[in-house]
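[1] model the structure of this input:
(chains A and B)
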Amino acid sequence: MPQSALFDQIAMKLRVKADVSQVLVSLEEFTATFFSAKTLQEQQQIFNKLPKEIAYILTATLAKEPITPENQITIKRTIDELANALRNCKNIQLTIAFQPDDATITLFSDWIKKNVKPDILIDLQFDKSIVGGALLIAGGIYKDYSVRKNLATRFQIQRDEILELLT
Amino acid sequence: MLIDPLSLIFLTIAVTILAVVLFFLTRAYTHTAQELHNTQKINSNMQNQLAEKPIKLLEQAHEKAQEIIDLANKQATEILASSKKFEDTSSQELKDKLTNLERQQADIFEKASSDMKLAYQNMLTQIQEEDINTLKSMTKDIESDVLSDFKEFRDVLEKETINSEKVAKEKIDEEYLAMEKDLEEYKKQKYQKLDEDIYKILYRVSEMVLNQGITYDKHKELVMEALETAKKEQVFQ
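    Modelled structure (predicted):
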């Protein structure tokens, strides 16, 4: 499989930045087995810790057959290139006010992959003080779409009206 | 012992000379003593003569003096007698003259006194009249001056009072305006502080209420809205 195709496949399945870290750890762990007496099944088990789809792709690509002196170099090169690509993978920092579940993370990730770019990851942050909505940092641009800001703006604009209501 | 013949000669000569000298000295002494005796004798005679002569002279002098005294007494008595007479005459004359003089003087003094009295009375009258006139004039002047000064003072006082009142009014107005401005500013600041405090409290309460009131689905919806907005605003380009 060409290198970019593997990265694209993996990137499509990655949602948040933390997923990349997990993949990188697994790849390092897998690389470490090259000079040990691990069986193929044991090597494949390393990728099973990852999300199922990613595990399937990595297993199919890197651990389909045992590591031999002949394919070792190729696999190592593939792993290194994939790791580098993943490290350089672009991301959007998304700060939200609640702890999302898996489905919600997938929802956000899918939207970004669909609407922005398939290999974009989410650097998810949690900040309760923003009340709701989100803070976005993408490509060096910061945007505040939080309820806190909306509230402040609304208070600023409608201050007199609010004060009139209070008095 | 042998004596030198030469020395013996000399000795003899010397003794001889001495004897001669002694002889002459004795003679001279005797002569002198004789002369002294004679002189003492003369002296004694002269003393006796001198002792007798003054007494006589004194007696003569006493007699003459007595005579002179008697004469002097006599003349003095005569002079006294004549002088008493003259004194009496002179005294009478002097008394008369003095009386005349006294009378004359009294007349003169009386006249002078009368003149002076008259002159003094005239002068007094004149001075009195002048004083009265001066006093009248002074009274008028004083009255006029006082009235003039009083008028001037009243004008100045009136003017000053009006000016003072005007200045005071202006000052009061200024102070009042400044105070009013300060009060307005203070009120404004206080209101602003109050507004801000209320605003902050309200904002914080809203935050708290919203934070607890937003549902999970609403959170998701808000994030999706945020993403949509970002897309519209081309944040991801």
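[2] could you use CA atoms for every contact and neighbour count after this?
    OK.
[3] so in terms of bridging, what pairs with the residue in chain A positioned nearest to chain B?
    When scored by CA to the nearest CA, chain A has A:G133 as its residue closest to chain B, at 4.6 Å. Beta bridges link A:G133 to A:S146 when assigned by DSSP bridges.
[4] was I right to think it contacts A:K149?
    No. Taking contacts as CA atoms under 8 Å, A:G133 lies outside contact range of A:K149: 9.4 Å.
[5] how's chain A carved up into domains?
    By the assignment in automatic domain parsing, chain A contains the domains A:3-87, A:91-159.
[6] among those, which is the most enclosed?
    domain A:91-159 (a mean of 18; mean count of other CA atoms under 10 Å in any protein chain shown).
[7] check which helix or strand covers A:K64.
    For A:K64, there is no enclosing helix or strand under DSSP states H and E.
[8] for it, give its distance to B:S44.
    When CA to CA, to the nearest Å is the yardstick, A:K64 and B:S44 sit 211 Å from each other.
[9] mean pLDDT lowest where, among the domains of chain A?
    Sorting the domains of chain A by mean pLDDT places domain A:3-87 lowest, at a mean of 86.
[10] need the contact partners of the regular element (helix or strand) spanning A:E53.
    With elements taken from DSSP H and E, the one containing A:E53 is helix A:52-62. Where contact means CA atoms under 8 Å, 6 or more residues apart in numbering or on different chains, the residues beyond helix A:52-62 that reach it are A:M1, A:Q9, A:I10, A:K13, A:L14, A:Q44, A:F47, A:N48, A:K49, A:I75.
[11] one more pass at 6 Å, please.
    The contact list for helix A:52-62, computed with CA atoms under 6 Å, 6 or more residues apart in numbering or on different chains, reads A:F47, A:N48.
[12] give me the distance from it to the chain's centre.
    The chain centroid and the centroid of helix A:52-62 are separated by 16 Å under CA atoms, centre = their mean, to the nearest Å.
[13] give me the next element, helix or strand, following it.
    Using DSSP H and E, the next helix or strand after helix A:52-62 towards the C-terminus is helix A:69-87.
[14] immediately after that following helix, which helix or strand?
    Sequence-wise, the next helix or strand beyond helix A:69-87 is strand A:91-96, with elements assigned using DSSP H and E.
[15] residues from chain B in reach of chain A?
    Counting by CA under 6 Å from any CA of the partner chain, the residues of chain B lying close to chain A are B:N211, B:H219, B:L222, B:V223, B:A226.
[16] and B:Q105, how far is that from chain A?
    125 Å (CA to the nearest CA, to the nearest Å).
[17] could you check the pLDDT of that residue?
    Predicted confidence (pLDDT) at B:Q105: the value is 88.
[18] let's verify it: helix, strand, or coil?
    helix (DSSP: H, G, I helix; E, B strand; the rest coil).
[19] and for it, the neighbour number?
    12 (other CA atoms under 10 Å in any protein chain shown).
[20] I'd like the distance from stretch A:50-59 to the chain centre, please.
    Averaged over its C-alpha atoms, stretch A:50-59 has a centre that lies 14 Å from its chain's centre (CA atoms, centre = their mean).
[21] now stretch A:134-141
    Distance of stretch A:134-141 from its chain centroid, counting by CA atoms, centre = their mean, is 16 Å.
[22] which outside residues touch that stretch?
    Outside of stretch A:134-141, the residues within contact range by CA under 6 Å, 6+ apart are A:I92, A:Q93, A:L94, A:T95, A:I96, A:Y142, A:K143, A:D144, A:Y145, A:S146, B:V223.
[23] show me what contacts the fifth one?
    Contacts here follow CA under 6 Å, 6+ apart; on that basis A:I96 touches A:F126, A:D127, A:A134.
[24] adding distance to B:F150, write the residues you listed out as a markdown table.
    Written out in a markdown table, the entries for these read as follows (distance: CA to CA, whole Å):
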| residue | distance to B:F150 |
| --- | --- |
| A:F126 | 94 |
| A:D127 | 90 |
| A:A134 | 91 |
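[25] lowest average confidence, helix or strand, in chain B?
    Among the secondary structure pieces of chain B, namely its helices and strands, helix B:5-213 has the lowest mean (mean pLDDT, DSSP states H and E), a mean of 86.
[26] next SSE downstream of that helix?
    Using DSSP H and E, the next helix or strand after helix B:5-213 towards the C-terminus is helix B:216-232.
[27] okay, buried residues for that next one please.
    In terms of neighbour count (16 or more other CA atoms under 10 Å in any protein chain shown), helix B:216-232 has its buried residues at B:H219, B:K220, B:L222, B:V223, B:M224, B:A226, B:L227, B:A230.
[28] report pLDDT for the last one.
    pLDDT, B:A230: 92.
[29] not counting sequence-adjacent ones, nearest residue to it?
    By the measure of CA to CA, 6 or more residues apart in numbering or on different chains, the closest residue to B:A230 outside its immediate chain neighbours is B:F236, 7.2 Å from it.
[30] quick one: the one you found and A:I141, what's the gap?
    When CA to CA is the yardstick, B:F236 and A:I141 sit 9 Å from each other.
[31] repeat that for B:K166.
    From B:K166 over to A:I141 the distance is 68 Å, taken as CA to CA.
[32] how much space separates the residue of chain A closest to chain B from A:A11?
    A:G133 sits 26 Å away from A:A11, going by CA to CA.
[33] same thing with A:L27?
    Using CA to CA, A:L27 is found at 15 Å from A:A11.
[34] can you list the residues of chain A near chain B?
    Counting by CA under 6 Å from any CA, the residues of chain A that sit close to chain B are A:V131, A:G132, A:G133, A:A134, A:Y145.
[35] give the contact list for the closest residue to the second one other than its chain neighbours.
    Computed as CA to CA, 6+ apart, the closest residue to A:G132 that is not its neighbour in sequence is A:V147, at 4.8 Å. When contacts are counted by CA under 6 Å, 6+ apart, A:V147 is found next to A:V131, A:G132, A:G133.
[36] try it again at 10 Å.
    Taking CA atoms under 10 Å, 6 or more residues apart in numbering or on different chains, we find A:V147 in contact with A:97, A:129-135, A:153, B:207, B:210-211, B:219, B:222-223, B:226.
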